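> Mind looking at a prediction? Sequence and model below.
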Amino acid sequence: MSADPLLLYTLRLADTALINGHRLSEWCGHAPALEEELALANLALDLIGQARALYVYAGELEGEGRDEDALAYLRDVTCYRNLLMVERPNGDFGQTIMRQFLLSAFMHPFWEATTSSRDPTLSAIAAKAVKETAYHLRHCGEWTVRLGDGTQESHRRMEEALEEEWPFTGELFETDEVERSLVASGVAVDPTGLKARFDTTIDRVLTEARLARPMNGWMQTGGRQGRHSEHLGHVLAELQYLQRAYPGATW
């Protein structure tokens, strides 16, 4: 894999979107209501669409003839650079909603800022993604309030979901040499500059949901450097099965 910072940055975004979309797609046929079945499927399709656009661009940057399918289906687990948050099992409906709310509270301002990127391709991808993540944030925020301020059981589950997911939010704001070089050139967004908006959104929704924001303790890290939990291997075993079993298969 090339050490080109822009390629690595693009793959991080693509991998996070793909794995996030795949996890949401696992709710197909299992959601608590038909309306939510359709909503989660649409969120998944949005994210997989974002991943496809980013993989196409990554293939162009790499220049080795790999298309979006090769980058998604034919890389091993250690080559993936997604956030750890998105590879974890869905848990119950409340946990999935909480994970998506926390992630969307970051990704919406992230894509909004990326529309001003000096890289025209990233800017164009962001222009579409920001509209999609605005809906993701609104939808999951409303569900967070509904469940948090709902029954005693739903409130308890959302408290547990928040405690489970919060330690994975620190990775959203990490920076390394890959990002810092691109931030300096106006291509990438400095995630630390998005923290205030993230905090404002989180505090507003959690207050409405009667949920207490966890203390910032030790945070999980490593996904963007290729250090993953065992869960990603299981995800890729399912996601990549067809192309691995029948290389180059076409419909």
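On my side now, so go ahead. Every value quoted in this text rests on a predicted model; they were computed, and no experiment measured them. Numbers count the residues shown, from 1 in each chain.
> Residue 172 and residue 109 touch, don't they?
No: Residue 172 is not in contact with residue 109 according to CB atoms under 8 Å; the separation is 10.8 Å. Backbone N, C-alpha and C define where each C-beta goes, glycine included.
> Now for the two: what residues contact both?
Shared contacts of residue 172 and residue 109 (CB atoms under 8 Å, 6 or more residues apart in numbering): residue 198.
> residues near residue 91, how many?
Residue 91: 16 surrounding residues under other CB atoms under 10 Å.
> quick one: low-confidence parts of the chain?
Applying pLDDT under 70 to the chain flags residues 1-2.
> Tell me which residue of it is furthest from the middle?
Each residue of the chain has a distance to the centre, and by CA atoms, centre = their mean the biggest one is for residue 152: 29.4 Å.
> From residue 93, how far out is that one?
Taking CB to CB, to the nearest Å as the measure, residue 152 falls 16 Å from residue 93.
> next one: residue 143
For residue 143, the distance to residue 93 (CB to CB) stands at 8 Å.
> again with residue 127
Applying CB to CB to residue 127 and residue 93 gives a distance of 31 Å.
> So these two - more neighbours on which side?
residue 93 (20 against 13).
> So the residue found closest to that one once you drop the neighbours it is linked to in the chain, which state does it fall into?
Nearest residue to residue 93 in three dimensions, chain neighbours excluded: residue 32, at 5.4 Å (CB to CB, 6 or more residues apart in numbering). Following DSSP: H, G, I helix; E, B strand; the rest coil, residue 32 is assigned to coil.
> swap in the one 4 residues further on?
Each residue gets one of three states, and residue 36 gets helix by three-state DSSP.
> can you give me the helices for the stretch 1-150 of the chain?
5-25, 34-62, 68-73, 84-87, 93-114, 120-148 (DSSP state H, counting those that start in this stretch).
> quick one: contacts of the fourth one?
The set of residues external to helix 84-87 that reach it, using CB under 8 Å, 6+ apart, is 16, 19-20, 23, 99, 102-103, 165, 168-169, 171-172, 220-223, 228-229, 231-232, 235.
> what's the closest of the helices of the stretch 1-150 of the chain to residue 198?
With CB to CB as the measure, helix 93-114 is the member of these nearest residue 198 (5.3 Å).
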